[in-house]
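K.L.:
got a predicted structure here, sequence first:
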Amino acid sequence: MKATQQLKNEHAGIRTMLNILEKVCEKLEKTGTMENGHVEGIIEFMQVFVDKCHHGKEEDVLFPAMINASDEAKAPAAAMCAEHETSRGYVGLMSRAYTAYVQGGISSSGDIVENARACIALLRGHMAKENDVILEVADRTFPDARQNELFADFERIEEERIGHGKHEEFHTLLEKLSSLYL
(Lines give C-alpha, C1' and ligand atoms only; values in the text may rest on other atoms or scores of the structure.)
Protein backbone atom coordinates (compact mmCIF):
# COMPACT_ATOMS: atom_id res chain seq x y z
CA MET A 1 0.00 0.00 0.00
CA LYS A 2 1.19 3.51 -0.74
CA ALA A 3 1.92 5.67 2.29
CA THR A 4 -0.49 8.30 1.03
CA GLN A 5 -3.24 5.71 0.65
CA GLN A 6 -2.75 4.65 4.26
CA LEU A 7 -3.31 8.26 5.35
CA LYS A 8 -6.43 8.51 3.15
CA ASN A 9 -7.75 5.29 4.70
CA GLU A 10 -7.13 6.71 8.16
CA HIS A 11 -8.97 9.88 7.15
CA ALA A 12 -11.99 7.72 6.30
CA GLY A 13 -11.93 6.20 9.79
CA ILE A 14 -11.52 9.61 11.39
CA ARG A 15 -14.48 10.94 9.37
CA THR A 16 -16.57 8.06 10.67
CA MET A 17 -15.62 8.89 14.26
CA LEU A 18 -16.44 12.55 13.66
CA ASN A 19 -19.89 11.51 12.41
CA ILE A 20 -20.35 9.44 15.58
CA LEU A 21 -19.20 12.35 17.74
CA GLU A 22 -21.72 14.57 15.99
CA LYS A 23 -24.52 12.13 16.89
CA VAL A 24 -23.28 12.01 20.50
CA CYS A 25 -23.50 15.82 20.59
CA GLU A 26 -27.03 15.75 19.19
CA LYS A 27 -28.10 13.23 21.85
CA LEU A 28 -26.44 15.26 24.60
CA GLU A 29 -28.25 18.40 23.45
CA LYS A 30 -31.64 16.66 23.17
CA THR A 31 -31.57 14.49 26.28
CA GLY A 32 -28.80 15.91 28.46
CA THR A 33 -27.25 12.45 28.59
CA MET A 34 -24.56 10.45 26.87
CA GLU A 35 -22.97 7.05 27.22
CA ASN A 36 -19.84 7.73 29.25
CA GLY A 37 -17.95 4.68 27.99
CA HIS A 38 -18.62 5.72 24.41
CA VAL A 39 -17.37 9.25 25.01
CA GLU A 40 -14.26 7.94 26.77
CA GLY A 41 -13.57 5.76 23.72
CA ILE A 42 -14.08 8.68 21.35
CA ILE A 43 -11.73 10.91 23.34
CA GLU A 44 -9.08 8.17 23.46
CA PHE A 45 -9.45 7.67 19.70
CA MET A 46 -8.97 11.40 19.14
CA GLN A 47 -5.98 11.67 21.48
CA VAL A 48 -4.20 8.44 20.59
CA PHE A 49 -5.16 7.43 17.06
CA VAL A 50 -5.77 10.82 15.48
CA ASP A 51 -3.13 12.84 17.27
CA LYS A 52 -0.29 10.56 18.35
CA CYS A 53 -0.49 8.14 15.45
CA HIS A 54 -2.05 9.81 12.40
CA HIS A 55 -0.82 13.35 12.95
CA GLY A 56 2.51 11.92 14.07
CA LYS A 57 2.91 10.18 10.72
CA GLU A 58 2.24 13.44 8.93
CA GLU A 59 4.30 15.73 11.15
CA ASP A 60 7.30 13.45 11.69
CA VAL A 61 7.50 11.66 8.34
CA LEU A 62 5.38 12.97 5.46
CA PHE A 63 5.71 16.73 5.89
CA PRO A 64 9.50 16.68 6.44
CA ALA A 65 9.88 14.42 3.39
CA MET A 66 7.80 16.82 1.32
CA ILE A 67 9.80 19.83 2.53
CA ASN A 68 13.03 18.04 1.67
CA ALA A 69 11.68 17.39 -1.81
CA SER A 70 10.44 20.95 -2.39
CA ASP A 71 10.65 24.25 -0.57
CA GLU A 72 7.13 24.96 -1.82
CA ALA A 73 5.82 22.40 0.68
CA LYS A 74 6.92 24.45 3.71
CA ALA A 75 3.91 26.76 3.90
CA PRO A 76 1.25 24.06 3.37
CA ALA A 77 2.98 21.75 5.88
CA ALA A 78 3.15 24.56 8.44
CA ALA A 79 -0.55 25.29 7.91
CA MET A 80 -1.46 21.64 8.40
CA CYS A 81 0.64 21.45 11.59
CA ALA A 82 -1.07 24.57 12.92
CA GLU A 83 -4.45 22.94 12.34
CA HIS A 84 -3.23 19.81 14.13
CA GLU A 85 -2.34 22.00 17.11
CA THR A 86 -5.77 23.65 17.04
CA SER A 87 -7.49 20.26 16.99
CA ARG A 88 -5.37 19.17 19.99
CA GLY A 89 -6.68 22.19 21.83
CA TYR A 90 -10.30 21.36 21.06
CA VAL A 91 -9.86 17.73 22.11
CA GLY A 92 -8.13 18.82 25.32
CA LEU A 93 -10.96 21.20 26.17
CA MET A 94 -13.53 18.55 25.30
CA SER A 95 -11.74 16.04 27.53
CA ARG A 96 -11.60 18.44 30.48
CA ALA A 97 -15.28 19.32 30.06
CA TYR A 98 -16.14 15.62 29.91
CA THR A 99 -14.21 14.98 33.14
CA ALA A 100 -16.14 17.80 34.81
CA TYR A 101 -19.42 16.40 33.43
CA VAL A 102 -18.70 12.93 34.84
CA GLN A 103 -17.89 14.47 38.22
CA GLY A 104 -21.35 16.01 38.34
CA GLY A 105 -20.83 19.21 36.42
CA ILE A 106 -23.80 18.71 34.13
CA SER A 107 -23.41 22.31 32.93
CA SER A 108 -20.14 21.19 31.29
CA SER A 109 -22.20 19.45 28.61
CA GLY A 110 -22.32 22.69 26.64
CA ASP A 111 -18.52 22.89 26.65
CA ILE A 112 -18.30 19.29 25.44
CA VAL A 113 -20.62 20.03 22.53
CA GLU A 114 -19.00 23.38 21.68
CA ASN A 115 -15.48 21.97 21.51
CA ALA A 116 -16.54 18.75 19.82
CA ARG A 117 -18.36 20.67 17.09
CA ALA A 118 -15.42 23.02 16.57
CA CYS A 119 -13.08 20.03 16.29
CA ILE A 120 -15.43 18.26 13.87
CA ALA A 121 -15.63 21.29 11.58
CA LEU A 122 -11.88 21.86 11.69
CA LEU A 123 -10.92 18.26 10.98
CA ARG A 124 -13.44 17.77 8.19
CA GLY A 125 -12.01 20.74 6.30
CA HIS A 126 -8.47 19.79 7.25
CA MET A 127 -8.75 16.26 5.89
CA ALA A 128 -10.33 17.53 2.68
CA LYS A 129 -7.31 19.82 2.14
CA GLU A 130 -4.92 17.00 2.87
CA ASN A 131 -6.68 14.54 0.57
CA ASP A 132 -7.24 17.00 -2.26
CA VAL A 133 -3.96 18.90 -2.13
CA ILE A 134 -1.22 17.61 0.17
CA LEU A 135 -1.55 13.90 -0.58
CA GLU A 136 -2.01 14.53 -4.30
CA VAL A 137 1.25 16.52 -4.32
CA ALA A 138 2.94 13.73 -2.36
CA ASP A 139 1.71 11.16 -4.89
CA ARG A 140 3.21 13.20 -7.74
CA THR A 141 6.43 13.85 -5.79
CA PHE A 142 7.30 10.43 -4.42
CA PRO A 143 7.99 7.39 -6.61
CA ASP A 144 6.88 3.96 -5.41
CA ALA A 145 10.22 3.22 -3.73
CA ARG A 146 9.98 6.37 -1.62
CA GLN A 147 6.31 5.66 -0.85
CA ASN A 148 7.41 2.25 0.45
CA GLU A 149 10.00 3.87 2.71
CA LEU A 150 7.42 6.31 4.05
CA PHE A 151 4.98 3.45 4.64
CA ALA A 152 7.63 1.56 6.65
CA ASP A 153 8.21 4.69 8.74
CA PHE A 154 4.45 4.99 9.28
CA GLU A 155 4.29 1.41 10.52
CA ARG A 156 7.15 2.08 12.94
CA ILE A 157 5.40 5.16 14.32
CA GLU A 158 2.18 3.24 14.76
CA GLU A 159 3.92 0.46 16.69
CA GLU A 160 5.92 2.88 18.86
CA ARG A 161 3.14 5.34 19.64
CA ILE A 162 0.05 3.24 20.03
CA GLY A 163 1.42 -0.26 20.42
CA HIS A 164 0.76 -3.63 18.91
CA GLY A 165 -2.93 -4.37 18.36
CA LYS A 166 -4.23 -0.94 19.37
CA HIS A 167 -5.05 -0.01 15.77
CA GLU A 168 -7.31 -3.06 15.56
CA GLU A 169 -8.95 -2.09 18.88
CA PHE A 170 -9.79 1.29 17.42
CA HIS A 171 -11.31 -0.36 14.33
CA THR A 172 -13.46 -2.50 16.64
CA LEU A 173 -14.54 0.63 18.54
CA LEU A 174 -15.43 2.35 15.24
CA GLU A 175 -17.53 -0.62 14.17
CA LYS A 176 -19.31 -0.83 17.53
CA LEU A 177 -20.07 2.88 17.74
CA SER A 178 -21.06 3.02 14.05
CA SER A 179 -23.67 0.32 14.64
CA LEU A 180 -25.07 2.32 17.57
CA TYR A 181 -24.99 5.86 16.20
CA LEU A 182 -24.91 5.81 12.40
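P.N.:
Received it, and whenever you're ready, just let me know what you need.
K.L.:
show me what counts as buried in stretch 147-166.
P.N.:
Neighbour-count burial for stretch 147-166 flags 147, 150, 151, 153, 154, 157, 158, 161, 162, 166 (criterion: 16 or more other Cβ atoms under 10 Å). Yep, even glycine has a C-beta here, placed from its N, CA and C like the rest.
K.L.:
list the contacts for the last one?
P.N.:
Contacts for residue 166 were tallied using Cβ atoms under 8 Å, 6 or more residues apart in numbering; they are 48, 49.
K.L.:
follow-up on the earlier one: what would the buried residues of stretch 147-166 look like in TSV with pLDDT?
P.N.:
Output for those, formatted as TSV (pLDDT from 0 to 100):
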residue	pLDDT
147	95
150	97
151	96
153	97
154	96
157	93
158	92
161	89
162	89
166	92
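K.L.:
how far away is the most centrally placed residue in the chain from residue 16?
P.N.:
With distances taken as Cα atoms, centre = their mean, the chain has residue 50 as the residue nearest its mean C-alpha position (2.9 Å). Separation of residue 50 from residue 16 (Cβ to Cβ, to the nearest Å): 12 Å.
K.L.:
just residue 64 next, same as before
P.N.:
28 Å.
K.L.:
ok, those two, which is more surrounded?
P.N.:
residue 16 (16 against 13; other Cβ atoms under 10 Å).
K.L.:
where does that one sit: helix, strand or coil?
P.N.:
Using DSSP: H, G, I helix; E, B strand; the rest coil, the structure places residue 16 in helix.
K.L.:
relative to residue 56, how far out is it?
P.N.:
In terms of Cβ to Cβ, residue 16 sits 20 Å off from residue 56.
K.L.:
the strands in this structure, which residues?
P.N.:
Under the criterion DSSP state E, the chain carries no strands.
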